[in-house]
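Asker: Sequence below, structure please.
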Amino acid sequence: MPAHAHESDTTTDPLARERAHLAASRAALRAMREDAQALNIRDVTANWVNAAVLQAQIADRIKSLADLAHTPLFFGRLDYLHVVGAAQAEGAEGEQFYIGRRHVHDADGDPMVIDWRAPVSQPFYRASRKDPLDVGQRRRFGYTGGELTAYEDEHLTDPSEAAQTSKLLQAEIERPRVGPMRDIVATIQPEQDEIVRSGLGGTVCVQGGPGTGKTAVGLHRVAYLLYAHRERLARTGTLVIGPNKSFLHYIEQVLPALGELEVKQATVDDLVTAHVEVRSTDEARAAVVKGDARMAEVLRRALRSHVTMPTEPVMVVRGSRRWRVPAYEIEEMVKELLARDMRYGAAHEALPLRIAHAVLVRMEEAGEAPDDRVQNAVARTPAVKAAVKAVWPAVEPSKLVLRLLSDPDFLAAHAEGLLSEDEQKAILWTRPARSVKSAKWSAADAVLIDEAADLVARTHSLGHVVVDEAQDLSPMQYRAVGRRCSTGSATVLGDLAQGTTPWSTQSWEQALHHLGKPDAVVEELTAGFRVPREVIAYASRLLPVISPGLAAVESVRESPGSLSVREVSGADALDAAVVAACEESLTHEGSTGLIAADARVPALARALTAAGHRYLSPGEETSAESRLTLVPASLAKGLEYDYVVLDEPAAVVDGEPDERTGLRRLYVALTRAVSGLIVLHAAPLPAELA
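Answerer: The predicted model follows:
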């Protein structure tokens with residue numbers, strides 16, 4: 001491969017031809033969009049319901065065909081040694097294929113750009129000199145905005161050409177980051193591509209340190225699965241779960257940029273707060289106990305305690321006849337339903353039909369010929385309803401949890417042998433609420449109610465769920481996520497070293513067990529593409545303390561001078577030094593994130609305002625008003641900025657309930673920088689960094 005990219009000059013006929021293909025492809029995409037806009041629904045259906053559905057589908061199709069001016073329509077080209085069949089290449093046959101974010105065809109239906117997810121595109125990411133996969137030449141394109149400015153060739157079967165690092169690939173990885181997270185479709189690496197293209201049937205867990213691209217890999221896997229299994233996932237649904245709203249806002253443009261508009265996004269709290277309104281926060285001790293997997297068994301016991309054995313027979317009156325079902329027979333029905341361990345609500349609905357069936361047997365023995373309508377009528381008689389209410393009453397999940405957290409005796413009876421007395425005291429409310437509506441529920445309480453609701457009636461399962469920053473979930477939160485993909489699959493993304501909750505995951509084996517996916521494949525990404533080598537090496541000094549045995553990220557980015565650690569004389573001078581460091585960072589192209597302990601944010605906000613600087617909050621990065629974001633350390637996880645100014649590391653550590661969690665929070669803050677990091681401190685640095 002040439003050491004330089006081919007730049008535009010008087011001898012750029014190849015580049016001119018590529019620009020012509022780009023212009024023709026954009027025109028073809030416009031024509032595809034115009035065809036979609038011209039569709040007349042009245043010609044297709046007279047049914048208004050079908051028309052509304054079709055109209056929504058057409059609107060989504062039109063959106064997906066938008067030509068984003070600053071996004072390259074294609075980013076690569078593959079020249080095969082032999083002709084490739086149409087089945088592999090979206091209907092095209094030939095040797096040369098342009099690889100892009102979406103499929104584009106001309107008026108005759110012949111592809112001009114091949115979707116990056118198509119089988120014929122895979123060698124763009126996987127082909128090498130060792131295994132060229134029938135590719136003679138791989139071409140990468142360079143862009144400025146949406147304008148094609150350069151290309152670079154790699155001849156995979158030419159022994160005379162030495163292997164070199166692609167400068168265009170490196171430039172794309174290091175391109176300044178302003179605004180929300182963008183896709184990495186042009187820069188996916190072979191080890192990432194293996195995860196992206198893994199099948200729908202299996203769950204994959206990705207352990208990846210800062211800058212390894214695990215979030216992007218997870219999102220691109222969703223895009224790939226939607227391409228490969230669109231009809232199935234259209235029926236069953238897909239969901240991306242993130243740690244907070246700021247993070248979801250940051251990643252929300254990745255899938256639409258790849259043409260996928262139907263994927264829903266949520267936090268775990270969003271999933272479980274449909275039952276109750278969260279109005280309070282638990283102390284750490286209570287949250288840890290409520291998040292423990294043992295609470296699932298406490299809830300199961302408490303729910304089943306509502307089932308009692310019958311003491312009276314059921315007498316059903318039909319016309320002039322009376323039919324008697326003795327108590328011992330009903331008891332056998334109840335025991336059988338309990339032994340089947342079916343959902344509580346399903347058993348509640350099944351019991352009256354069982355009793356009614358027993359009545360029908362007696363009717364048949366007496367010479368009558370009852371049918372299913374008679375059985376349903378018997379099941380609805382007052383006598384049967386009263387018996388079921390006494391034996392297997394309906395239970396409201398929120399009321400069940402309310403009683404557990406309010407009634408010490410009820411909790412003790414069902415937590416015996418599971419929770420210690422101290423653990424029971426930790427989760428009991430000091431002031432029991434009178435009703436579900438008046439209760440000040442916490443996020444952990446909402447997860448308990450969600451668990452109880454699933455014990456009563458099965459939670460709807462989706463086809464695929466992605467959960468990011470998964471190391472911060474409690475066992476009960478994992479169970480809540482697992483219920484949403486019990487008949488589907490999942491992509492679990494996280495970094496054990498970045499666990500900052502008191503209940504954070506200690507091992508992926510435990511986490512996957514609670515998720516209900518113990519057979520999931522665990523993949524580890526250790527090559528860092530985002531954080532400069534100097535910065536990640538500095539942050540990795542914390543690993544032996546925060547996550548012993550975890551491999552440090554090996555950054556591929558050489559960036560001398562990317563780290564500056566500065567001591568400030570006296571706390572009074574720190575605010576001014578931080579503002580100056582932000583001004584220094586803003587002289588460079590790209591975004592700047594000022595990360596500080598949550599308690600320090602108000603003071604720094606005042607200092608920035610006094611100095612005349614406008615700043616954003618996390619999640620507002622789409623605004624063009626400022627390239628500076630003031631980030632509380634508690635919200636920094638998953639975000640990235642070209643330049644980061646880190647205020648007072650000791651304050652970040654001290655802001656957490658214990659030192660280990662504080663050091664993990666600091667590790668997160670230290671690894672948000674893409675190009676440069678300035679660390680400012682007046683207090684002594686943690687010993688691991690000093």
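
Asker: Output the contacting helices and strands for the longest helix belonging to the chain.
Answerer: When the chain is parsed with DSSP state H, its longest helix is helix 13-37. Here helix 13-37 touches helix 48-64, strand 74-84, strand 94-100, strand 104-105, strand 111-115, strand 147-155, going by 3 or more CB pairs under 8 Å, 6 or more residues apart in numbering; DSSP states H and E. For the C-beta atoms, the positions are set from N, CA and C on the backbone; glycine is no exception.

Asker: just checking, what packs against the longest one?
Answerer: Where contact means 3+ CB pairs under 8 Å, 6+ apart, helix 48-64 is packed against helix 13-37.

Asker: what distance separates the helix it packs on from the centre of its chain?
Answerer: For helix 13-37, the gap between its own C-alpha mean and the chain's C-alpha mean amounts to 34 Å (CA atoms, centre = their mean, to the nearest Å).

Asker: Equivalent analysis for stretch 439-455, please.
Answerer: That offset, for stretch 439-455, works out to 21 Å (CA atoms, centre = their mean).

Asker: And the contacts of it?
Answerer: Contacts with stretch 439-455, where a contact means CB atoms under 8 Å, 6 or more residues apart in numbering, come from 268-269, 271-273, 275-282, 286-287, 290-291, 295-296, 299-300, 303, 343-344, 397-398, 400-402, 404-405, 433, 459, 474, 476-477, 479-480, 483.

Asker: again, only this time at 7 Å
Answerer: For stretch 439-455, contacts defined as CB atoms under 7 Å, 6 or more residues apart in numbering pick out 269, 272-273, 275-282, 287, 290-291, 295-296, 299-300, 303, 343-344, 397-398, 400-402, 433, 476-477, 479-480, 483.

Asker: Equivalent analysis for stretch 491-510, please.
Answerer: With CB under 7 Å, 6+ apart as the test, stretch 491-510 has contacts from 203-209, 214-215, 218, 221, 284, 287-288, 291, 466-474, 511, 515, 520, 522, 543, 546-547, 550, 637, 657, 661, 664-665, 667-668.

Asker: ditto for stretch 592-605
Answerer: Under the criterion CB under 7 Å, 6+ apart, residues 575, 578, 582, 585-586, 627-634, 636, 639, 641-648, 651-652, 655, 669, 672 lie in contact with stretch 592-605.

Asker: Mind doing that once more with 6 Å?
Answerer: Contacts to stretch 592-605, defined as CB atoms under 6 Å, 6 or more residues apart in numbering, come from residues 582, 585-586, 627-634, 636, 641, 643-647, 651-652, 655, 669, 672.

Asker: and residue 555, bridged to which residues?
Answerer: Taking DSSP bridges as the rule, residue 555 bridges to residue 528.

Asker: how close does it get to residue 524?
Answerer: With the distance defined as CB to CB, to the nearest Å, residue 555 ends up 15 Å from residue 524.

Asker: out of the two, which sits in the more crowded spot?
Answerer: residue 555 (24 against 15; other CB atoms under 10 Å).

Asker: From the contacts of stretch 439-455, list just the buried residues.
Answerer: Neighbour counting with 16 or more other CB atoms under 10 Å marks 269, 272-273, 275-276, 278, 282, 287, 290-291, 295-296, 299-300, 303, 344, 397-398, 400-402, 476-477, 479-480, 483 as buried within the contacts of stretch 439-455.

Asker: OK, contacts around residue 613?
Answerer: So residue 613 contacts nothing (CB under 6 Å, 6+ apart).

Asker: Distance of it relative to residue 572?
Answerer: With distances taken as CB to CB, residue 613 is found 20 Å from residue 572.

Asker: cool, and residue 38?
Answerer: Per CB to CB, residue 38 is found 67 Å from residue 572.

Asker: again with residue 95
Answerer: Distance from residue 95 to residue 572, by CB to CB: 69 Å.

Asker: now swap in residue 193 and tell me
Answerer: Relative to residue 572, residue 193 is positioned 52 Å away (CB to CB).

Asker: Is residue 466 bridged to anything, and to what?
Answerer: Taking DSSP bridges as the rule, residue 466 bridges to residue 240, residue 491.

Asker: Take the contacts of stretch 592-605 and keep only those in strands.
Answerer: Judged by DSSP state E, the contacts of stretch 592-605 include 628, 629, 630, 631, 632, 641, 643, 644, 645, 646, 647 as members of strands.

Asker: Turn those into JSON lines, including distance to residue 682, neighbour count and pLDDT.
Answerer: JSON lines is the format used below for the ones in strands among the contacts of stretch 592-605 (distance: CB to CB, whole Å; neighbours: other CB atoms under 10 Å; pLDDT from 0 to 100):
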{"residue": "628", "distance to residue 682": "22", "neighbour count": "21", "pLDDT": "94"}
{"residue": "629", "distance to residue 682": "23", "neighbour count": "23", "pLDDT": "94"}
{"residue": "630", "distance to residue 682": "19", "neighbour count": "23", "pLDDT": "96"}
{"residue": "631", "distance to residue 682": "20", "neighbour count": "25", "pLDDT": "96"}
{"residue": "632", "distance to residue 682": "19", "neighbour count": "18", "pLDDT": "96"}
{"residue": "641", "distance to residue 682": "23", "neighbour count": "28", "pLDDT": "92"}
{"residue": "643", "distance to residue 682": "21", "neighbour count": "29", "pLDDT": "96"}
{"residue": "644", "distance to residue 682": "18", "neighbour count": "30", "pLDDT": "97"}
{"residue": "645", "distance to residue 682": "14", "neighbour count": "31", "pLDDT": "98"}
{"residue": "646", "distance to residue 682": "13", "neighbour count": "26", "pLDDT": "98"}
{"residue": "647", "distance to residue 682": "10", "neighbour count": "29", "pLDDT": "97"}
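
Asker: tell me the two of the residues you listed that are most distant?
Answerer: Of all pairs drawn from those, the widest gap by CB to CB lies between 632 and 643 and measures 18.0 Å.

Asker: Helices along the stretch 351-500 of the chain, start to end?
Answerer: Counting by DSSP state H, counting those that start in this stretch, the stretch 351-500 of the chain has helices at residues 372-379, 382-391, 397-406, 408-415, 421-427, 443-456, 475-483.

Asker: Just the contacts of stretch 491-510: which are in strands?
Answerer: 204, 205, 206, 207, 208, 466, 467, 522.

Asker: Restricted to buried residues, select these in PyMOL.
Answerer: Those of the ones in strands among the contacts of stretch 491-510 that count as buried under 16+ other CB under 10 Å are selected in PyMOL with:
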select buried, resi 204+205+206+207+208+466+467
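
Asker: okay if I get the ones in strands among the contacts of stretch 491-510 as a markdown table plus distance to residue 490?
Answerer: A markdown table is the format used below for those (distance: CB to CB, whole Å):
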| residue | distance to residue 490 |
| --- | --- |
| 204 | 8 |
| 205 | 8 |
| 206 | 11 |
| 207 | 15 |
| 208 | 16 |
| 466 | 7 |
| 467 | 7 |
| 522 | 13 |
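
Asker: Show me which of the contacts of stretch 491-510 are buried.
Answerer: Buried members of the contacts of stretch 491-510, counted by 16+ other CB under 10 Å: 203-209, 214-215, 218, 221, 284, 287-288, 291, 466-474, 511, 515, 520, 543, 546-547, 550, 637, 661, 664-665, 667-668.

Asker: May I see the helices of the stretch 351-500 of the chain arranged in JSON lines, with distance to residue 127 as well?
Answerer: Output for these, formatted as JSON lines (distance: least, CB to CB, whole Å):
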{"stretch": "helix 372-379", "distance to residue 127": "63"}
{"stretch": "helix 382-391", "distance to residue 127": "66"}
{"stretch": "helix 397-406", "distance to residue 127": "53"}
{"stretch": "helix 408-415", "distance to residue 127": "58"}
{"stretch": "helix 421-427", "distance to residue 127": "56"}
{"stretch": "helix 443-456", "distance to residue 127": "46"}
{"stretch": "helix 475-483", "distance to residue 127": "36"}
